[in-house]
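Q: When you get a sec, could you give me coordinates for this:
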Amino acid sequence: MCGICGIFEYGTNHTVAPELLTRMRETLRHRGPDDAGCYIAPGVGLATRRLSIIDVAGGQQPICNEDESIWIVFNGEIYNYQELREEVIKKGHRLRTRSDTEVILHLYEEYGPGCVEHLDGMFAFAIYDQRPQRSAKGSNSKSGRLVIARDRLGKKPLYFADLGDALIFGSEIKPILQDPRVGKDLDFEALHHYLSLQVIPAPYSIFKAIRKLPAGYLLECDADGARISQYWDYLKLVDNHHASEQEAVAEVRRLLFDAVEKRLIAEVPLGAFLSGGLDSSAVVAIMSRIKQQPVDTFSIGFQGPSTHNELPYARILAKHCNTRHHEFLVSPDIIETVNEIVHYADEPLGISAAIPTFLISKAAREHVTVVLTGDGGDEVFMGYGQYIYEEWAERYRRLPIAVDRVLTAPARMLSVRIDNPVGRWSNRIARFASNARRSLGQRRLGWASGFSEIEKRLLYSSAASASFSFESTASFIEGKIQTKGIHRSALQQNCMDILIWLPDEMMAKVDRMTMAASVEARCPFLDWKLVEYLAGLSIDVKVPGSRSMNLKHLLRQAVSDLVPIDLLRRPKRGFNVPLDAWFRGRAGEYLESVLSPQRVRRRGLFNPNEVTSLLKRHQAGQINASNRLYTLLIFEVWAETYL
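A: From the prediction side, this is the model:
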C-alpha cells in the first residue's frame, strides 16, 4: 500500500524539478511511512511513499523492467500476484523482487494497458513507458507514454490534472496542488452535487483543474494528449444469469471464503474491524474459520445513548469466534476531529461515518497494519432500505394520485417535534408519498439526507445563483447510470449504489480515513468475482420479498452456521454517529461559530439567513438537519483550509 504521484511533461519534455517531485511525495507520508522513492527522466517524474505489506525488504518503488525502459509506481494489493508471477516468469521475464508491483510491470510488457484485466485486487498505478510511441500523426514521439489506471470498484483513488502539455497525478489532491501551474478555482458544479450527495462524484473534484479517474477506467497519455477509456462495465453484468437459491447460497459461500482467504496474505500484523452488524460479523467469522490463531478485532462506540453504541453486539461475535477483542468507547473532540478529517480527505467529505472510521483506524494502528472490513456488503448483497422502498413505490404508483394528498396532509398539519413518535412516522410516510412518483434519481435523493434541489436554490446567495446554473443532481446521476434493459427499479437503485456511492462515498471514506492512520483496509465483499456473480443474479433470489428482513438474504443464508442467530436476525442499523445530540449540545457553539452569518456572508456562496434558519430549527428540535449541517460544516472548514 502506497501513495503515488508524478508529472508527465508530454507536450514539452521539460525536466521535472526534483524539489517539486519531493514536495509532492512528502504530502503523502501518512499513506506510506516506511519508505520513499523517486524516478526522474527527461519529461517525467514518478514518486511514491510506501507502506510495506508484501516483500517488506525488497519491494521498494519505483520499479523498472530488465532494460529500464518501463517504470511503475503502484498503490494497492494484487491478490493473485503469485500466479501472475509464475506466468510472466514462464514467458521469460526476470524478476528482481517478490513484490506484486513488479508483476504488474511485466504484465504490461505482455498485454499493454490490457494488463488491468488480469489483476485481482485493489489498485491505482502509473506506468511510464519511455520506448518511442507511434503518434496519431504517424511520427514517433520522444515523450513516451504514461498509463494510469484504477481498480474496477474504485477501492484506491487516483486524481489528475491535464494542463494541455503536462499531466500531473496523485493518490490524493495534495501532491497535485504542489505544482504552481495547477489552479485552485472552486468547481461550482461539483459543489452543487456535493450538497445533495454529501460527496464529490467522479469525474469531478472540488477544484476545476483536477479530475478523478473513475473506477474501472484507465488513462493513456502521449504526445497526442490524454485519452480515458473504460475497461470494466458493471451494467453489462446485471441480471444476466440464473441460479436457484440453493445454488446461489453455495456459490456465494465458496466465493466469500475465497475472498477472505486471499486477503489474509501479509507480512505484517493483520486484524479486522468489527461493528456488530452482519457484514463485519460475517467477515470475522470466516477469518476465524480460516486462521489458526485468534483474530484481532477492533470495535468503537460513542459515549451517550445506546443507539450510538453497538459494542455489546460486537462482543457477542468476538466471544463466539474467540477473537482477541479490542474495544474503544470514545467522546471525540469534534473540532480537532473535523479538522483532521478535512486535512486527510482533501475535498469536502460530508459523511459523518468518516469520524468513527478515522478514530478506530488510529486506535487499531497500535496493534496491526492491515484490517479486513465489512464495507460493500450492503451494496453487493442489496442491504439498503431504499430497495424495499422501490418495491413499495412500484406498487404505490398504481394507486390514484389523490392518495398522495391523504398521506402527506398529516405531516403538513402536525407541528410536532421530531422526538415525538407521531411526528417521526407522519414525516416518514409523507416523505415516501411525495417521492414515490418522481424519477429514479429524484426518488433516490428524496429519500436521502442531503439538500434537495429546492433547498439548494434557497441556500445559494443571490450572487452565487446569478453566476452559475447546472443540471439537477438527479439528472446527473441518472445520466451516469444507463439502466436500459434493467426493468426493476430496485435494481436500478442498486446500480447507482455500486457505480456512484460505493467508490465516491464508501471507498473514499474507507481509503482516506484508514490511510490517515497508515492502515491498509481490505474489503472481501468487494472481491470482483463475488461482485460479478451477485450482479448477474435475479433480484428475486437476492431479495425474495418486500420486508426489511429479506435484504441481504443470500449473505444471511451463506453464513447461517457461522454467525449467532441474534446477529443474523438483527435489522440493519448502520453506524449512527450522534451528530444530532452533538449539534444540540457540546458542539453547538462550534457549529454556530463556523456557520455564523458573518462567515457565511464572507464566503459569498450561501444565504446566511437560510443557514441560520436551518441551524435554529435543528437546535429547537423541529427537524433533524444534522446531516445537512454537517455537510455545510465540512465545506466551510475545508474552504477555510484550502481557499
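
Q: Okay, and the closest residue to Glu245 other than its chain neighbours sits in which element?
A: For Glu245, ignoring the flanking residues on the chain, the nearest one in space by Cβ to Cβ, 6 or more residues apart in numbering is Val541 at 5.6 Å. Placement of C-beta: from N, CA and C, glycine included. Taking DSSP states H and E as the definition, Val541 sits inside helix 539-542.

Q: what helices or strands is that helix leaning on?
A: helix 553-558 (3 or more Cβ pairs under 8 Å, 6 or more residues apart in numbering; DSSP states H and E).

Q: Show me how far the helix it packs on is from its chain's centre.
A: From the chain centre to the centre of helix 553-558 is a distance of 24 Å (Cα atoms, centre = their mean, to the nearest Å).

Q: Beyond it, next helix or strand please.
A: According to DSSP H and E, the helix or strand after helix 553-558 is helix 565-568.

Q: I'd like to know which elements that following helix is packed against.
A: For helix 565-568, the packing partners by 3+ Cβ pairs under 8 Å, 6+ apart come out as helix 278-290, helix 311-321.

Q: ok, and for the last one, which residues are buried?
A: Neighbour-count burial for helix 311-321, with 16 or more other Cβ atoms under 10 Å as criterion, is recorded at 311, 313-318, 320-321.

Q: follow-up on the earlier one: so how many other residues sit close to the residue nearest to Glu245?
A: 17 (other Cβ atoms under 10 Å).

Q: residues contacting it?
A: 243-245, 248, 554 (Cβ atoms under 8 Å, 6 or more residues apart in numbering).

Q: any weak-confidence spans in the protein?
A: Along the chain, the model assigns pLDDT under 70 to residues 1, 53-59, 133-142, 305-308, 410-424, 483-484, 573-575.

Q: In it, which residue is most central in space?
A: Met507 (2.0 Å; Cα atoms, centre = their mean).

Q: would that one count as being in a helix?
A: Yes: assessed with DSSP: H, G, I helix; E, B strand; the rest coil, Met507 lies in a helix.

Q: Could you measure from it over to Leu595?
A: Going from Met507 to Leu595 by Cβ to Cβ, to the nearest Å gives 29 Å.

Q: could you pull out the helices for the stretch 151-300 of the chain?
A: For the stretch 151-300 of the chain, helices defined by DSSP state H, counting those that start in this stretch occupy the ranges 173-177, 188-197, 245-262, 278-290.

Q: For the one helix or strand Asp580 maps to, name the packing helices and strands.
A: Take DSSP H and E as the rule and Asp580 turns out to sit in helix 579-584. Judged by 3+ Cβ pairs under 8 Å, 6+ apart, the packing partners of helix 579-584 are helix 608-619, helix 626-642.

Q: Distance from the chain centre to the helix or strand just after it, please.
A: Using DSSP H and E, the next helix or strand after helix 579-584 towards the C-terminus is helix 588-594. In terms of Cα atoms, centre = their mean, the centre of helix 588-594 is found 28 Å from the chain centre.

Q: And helix 588-594, what's buried?
A: Buried, per 16+ other Cβ under 10 Å, within helix 588-594: 590-591, 594.

Q: okay, these in a markdown table with distance to Asp279 next?
A: Converted to a markdown table, the buried residues of helix 588-594 look like this (distance: Cβ to Cβ, whole Å):
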| residue | distance to Asp279 |
| --- | --- |
| Tyr590 | 32 |
| Leu591 | 31 |
| Val594 | 33 |
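
Q: any idea which of these is closest to Ala126?
A: Taking Cβ to Cβ as the measure, Val594 is the one of those closest to Ala126, at 37.3 Å.

Q: In this structure that closest one contacts Leu633, no?
A: Yes: the criterion here is Cβ atoms under 8 Å, and Val594 meets it with Leu633 at 5.6 Å.

Q: thinking again about what came up before, right, and out of the buried residues of helix 311-321, which lies closest to Gly545?
A: Tyr313 (24.4 Å).

Q: That closest one - nearest residue in space that isn't next to it in sequence?
A: That would be Gly276: by Cβ to Cβ, 6+ apart, it lies 2.9 Å from Tyr313.

Q: That neighbour - how many residues pack around it?
A: Using other Cβ under 10 Å, the number of residues around Gly276 comes to 22.

Q: Switch the helices and strands packed on helix 565-568 over to TSV, and while doing so, append distance to Leu107 to every line.
A: TSV is the format used below for those (distance: least, Cβ to Cβ, whole Å):
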stretch	distance to Leu107
helix 278-290	28
helix 311-321	37
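
Q: Tell me if Gly450 really is in a strand.
A: No: if the criterion is three-state DSSP, then Gly450 is coil and not within a strand.

Q: give me the number of residues near Leu359?
A: Neighbours around Leu359, by other Cβ under 10 Å: 19.

Q: got the contact list for it?
A: Counting by Cβ under 8 Å, 6+ apart, Leu359 has contacts 300, 328, 330, 332, 337.
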